[in-house]
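Novice: no sequence for this one, just the structure:
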């Protein structure tokens, strides 16, 4: 059954959207003003509670030139209250009109949003180009039972946001968008609209969503029947220890030592300059730990489902074929514990300058080798079963004696003096493996179907040593597909093999419509003009 919000008609967002998008900021401003004017407001409206206000203080108010003092001296209380109410009514009207003009619809081909009162904005996300669907629940929105849905597009700043919907509606809409993007048709008949969404019971609907939101802060937000079991569980102790035992912490300790030494030697101002950096680093620590709490990763019919966050919860689903590169890395500080982290390159619809991009590219904050294999099996579904022992043993845990990788020849040791025995590549059936690093071990996995191109680079010194560098191009992200110190002839052979396999894998790839085998791909429905409204939009409670 399909959600009533995916019927191709225009709908409005949750009635509390104006409050969540701008009203809370207004309430904070009003609270600050009231707090600063507390004594004067009590003197005006409840003078009996402050009998100790002297005539000198009142005279000081009269001569201060402050607008509030001028209102008090001239006893223009009624006029001031009317002016404040007028401003509030205007703001309320702006919020209301903004909500009425902010509409969305979901058709068989596109998710479309239009907004704006004076200046109209319209965004469309073609469903066959959807890179993922993220469900974000900020803390205040969770208390009110609301969530923000974000459809990730293929271009920079190409995401379409539905903020906000009720949590239950957001779950249903996300399922519908993924079902349509996969190539499967929705049921012909829509589900009956819940009575709580009708205008006559909107108050009850809001009260119900608030109650569910408060419960979700404790028990979690997703419906128990819809939340798959995570294949990885990260203990809180491991999360905290991974942040404490990190290169950033080492740098912080070196900085603290330098500041203490400088202060002892007569440069105390260094201490004051270092305090803000210390506070910032501590906040970063806490944010990284809190962000990774309630972490889970699990397979679903529509892709990999990743959930993280304690106060603000983010649930994202990465459909098949949307991972362009995978990197498994390990710091030397983590080696004794056997911990690894996994990051990916994927289209997030954001620019790299966006500080929130990292949370959509780290799919395993910290895990063991067994956790790494479980996550890789979710991300790389096309790798044959017999390849997994080699990939994990030689790629992730491999050392200098592994013979399956073509490593840097002895004549090129000077390019990677510490890791040249481990530095190398391997061609598998569906992926290219690049292994490098000794102090910071990294394994880069490039699926042939997603690889954009590959380049071979050779400088003058490389030509003398008959070596070259390999550079694989993927979408922008934290994973660097670069390997230096490769034998020249081996690099040329790799270039030809990768070019051939990339063409074959791309032509055979059907991941853009991963569910098309279940149902026929729906026929295209012409996009209507932005001014076509259809039926009157309905508010979603």
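Specialist: Arrived safely, thanks for sending. Just so we're clear, the structure is a prediction, and the values are computed from it rather than from any experiment.
Novice: Next secondary structure element downstream of the host helix or strand of residue 254?
Specialist: Taking DSSP states H and E as the definition, residue 254 sits inside helix 247-264. For helix 247-264, the following helix or strand on the C-terminal side (DSSP H and E) is helix 269-292.
Novice: Which residues outside stretch 110-117 are in contact with it?
Specialist: With contact meaning CB atoms under 8 Å, 6 or more residues apart in numbering, stretch 110-117 is reached by 94, 97-98, 101-106, 120-127, 151, 160-162, 177, 527, 530. Glycine gets a C-beta too; all of them are placed from N, C-alpha and C.
Novice: 7 Å instead, please
Specialist: Residues outside stretch 110-117 that contact it (CB atoms under 7 Å, 6 or more residues apart in numbering): 97-98, 101-105, 120-127, 151, 160, 162, 177, 527, 530.
Novice: Flag every buried residue along it.
Specialist: If you call a residue buried by 16 or more other CB atoms under 10 Å, then stretch 110-117 has these buried ones: 110-115.
Novice: Now, the contacts of stretch 110-117 that are in helices?
Specialist: 97-98, 101, 177 (DSSP state H).
Novice: And the residue nearest the centre of the chain?
Specialist: residue 360 (4.0 Å; CA atoms, centre = their mean).
Novice: quick revisit: of the contacts of stretch 110-117, select the buried ones using a ChimeraX command.
Specialist: Applying 16+ other CB under 10 Å to these leaves a buried subset, and the ChimeraX line that selects it is:
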select :98,102,103,104,105,123,124,125,127,151,160,162,177
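Novice: list the contacts for the residue nearest to the centre of the chain?
Specialist: Contacts of residue 360 (CB under 7 Å, 6+ apart): 316, 348.
Novice: 8 Å instead, please
Specialist: 132, 134, 316, 346, 348, 350.
Novice: Next, give me the two most distant ones among the residues you listed.
Specialist: 316 and 350 (12.5 Å; CB to CB).
Novice: Looking at the two, which is more packed in?
Specialist: More crowded of residue 316 and residue 350, by other CB atoms under 10 Å: residue 316, with 23 against 17.
Novice: wait, residue 421 sits on residue 407?
Specialist: Yes: in this structure, residue 421 is within contact of residue 407 by CB atoms under 8 Å, at 6.2 Å.
Novice: The two: which has the busier surroundings?
Specialist: Remark: of residue 421 and residue 407, residue 407 carries more neighbours, 24 against 16, as counted by other CB under 10 Å.
Novice: Find the residue closest to that one in space, skipping its chain neighbours.
Specialist: residue 424 (3.5 Å; CB to CB, 6 or more residues apart in numbering).
Novice: and what of residue 229?
Specialist: In space, residue 229 is closest to residue 298, 6.0 Å off (CB to CB, 6+ apart).
Novice: Which residue ranges of the stretch 401-541 of the chain form strands?
Specialist: 406-407, 424-427, 431-436, 440-447, 453-457, 467-473, 482-487 (DSSP state E, counting those that start in this stretch).
Novice: Ok, the stretch 101-250 of the chain next?
Specialist: Counting by DSSP E, counting those that start in this stretch, the strands of the stretch 101-250 of the chain are 103-106, 110-115, 121-126, 132-137, 146-152, 160-166.
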